[in-house]
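Student: Return atomic coordinates for the entry below.
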Amino acid sequence: MNCRMCRQAKGTRNSVSGTVARPLVQGKQWYADMKGPFTTPSFIHENLYVFGIIEATTRYLIQYYIKQNSDVHQCLKLWYDEYIIPLRQTSTQKQDLQYIFLNTDMGE
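Tutor: Next up, the predicted model:
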């Protein structure tokens, strides 16, 4: 509703400020989500989904374009082999990377 009281309340409300706390150890925390199915598949490979993984400290984004949502398992294996294993091998803080956290919305 667009009444005078609503406009006044919105006009005097402070905007959200501040920053989100980021982990101190790079590669420790990741976020993953999938988008799709898209109504129009990709032009060349006819992919209908995008699976993305974001590293929490640097906000580095990795995207996988897939045909079926069941291909996510293969993407996770590929991500682990290409990013997590080398990160653990080259890290000076091996103890900090003993556990890796991957946050998802549980497929909802």
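
Student: surely Asn91 meets Gly27?
Tutor: Small correction: residue 91 is Ser, not Asn. Yes: at 7.1 Å, Ser91 counts as touching Gly27 under the criterion of CB atoms under 8 Å. Quick note: C-beta positions are derived from backbone N, CA and C, even for glycine.

Student: out of those two, which sits in the more crowded spot?
Tutor: A direct count of neighbours by other CB atoms under 10 Å for Ser91 and Gly27 places Gly27 higher, at 22 against 15.

Student: Against His73, how distant is the more buried one?
Tutor: Noted for Gly27: a distance of 21 Å to His73, by CB to CB, to the nearest Å.

Student: and if you look at Ile85?
Tutor: Counting by CB to CB, the gap from Ile85 to His73 is 17 Å.

Student: Over to Ile44?
Tutor: Shown here: Ile44 relative to His73, a distance of 23 Å by CB to CB.

Student: can you check Ala56 too?
Tutor: 22 Å.

Student: Over to Leu24?
Tutor: In this view, Leu24 and His73 are 30 Å apart by CB to CB.

Student: Low-confidence stretches in this structure?
Tutor: By pLDDT under 70, the weakly predicted segments of the chain are 1-2, 4-18, 94, 108.

Student: so where do the helices sit in it?
Tutor: Per DSSP state H, the chain carries helices over the ranges 4-12, 72-79, 85-90.

Student: Tell me how many other residues crowd the residue lying closest to Trp30 once chain neighbours are set aside.
Tutor: Among residues not flanking Trp30 along the chain, Leu102 sits closest, at 4.9 Å (CB to CB, 6 or more residues apart in numbering). For Leu102, the count of nearby residues is 13 (other CB under 10 Å).
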